[in-house]
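1. Pasted the sequence and its predicted model underneath.
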Amino acid sequence: MSKINLQPLHDRVIIKPLEAEEKTKGGLFLPDTAKEKPIEGTVVAVGTGKVSDEGKVTATTVKVGDKVLYGKYSGTEVTVEGEEYLIMRESDIFAIVK
């Protein structure tokens, strides 16, 4: 797991997307334009949690190392030290893969 020099705030998490499939199940290689955006990745950093209007902090459910599923167009893409990551709110994550 890579360690990054970026700390998300509040209820945001940083995810390292899994690589897009290079070929189909039938063995055909896909060009870059035909690859699907990944919807699965690994959490590499987690914020402190959501702050309510009363100032109480609700801790995040996901933790570093969790493999998660998220929306196809969720989050903001960022590049840190040559690596691609997504920053998104925890609520944009659909599930933790067990």
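-> Yep, it's here. Numbering: from 1, shown residues only.
2. When you work out contacts or count neighbours from here on, use the C-alpha atoms and nothing else.
-> Fine.
3. For Leu69, give its distance to Ala95.
-> According to Cα to Cα, to the nearest Å, Leu69 stands 5 Å off from Ala95.
4. Compare the two (neighbour count), which wins?
-> Neighbours were counted for Leu69 and for Ala95 using other Cα atoms under 10 Å; Leu69 has more, 18 against 14.
5. Next up, identify which helix or strand the residue nearest to the spatial centre of the chain is on.
-> The centroid of the chain falls nearest to Ile15 when counting by Cα atoms, centre = their mean (2.6 Å). Assigned by DSSP states H and E, Ile15 belongs to strand 12-17.
6. Which parts of the following helix or strand past that strand count as buried, going by neighbours?
-> Of the helices and strands lying after strand 12-17 in sequence (DSSP H and E), the nearest is strand 40-46. Buried residues in strand 40-46, counted by 16 or more other Cα atoms under 10 Å: 40-46.
7. Which strand residues bridge Lys50?
-> On DSSP bridges, the residues paired with Lys50 through beta bridges are Thr58.
8. show me the contacts for it.
-> Counting by Cα atoms under 8 Å, 6 or more residues apart in numbering, Lys50 touches 10-11, 57-60.
9. Thanks a lot, catch you later.
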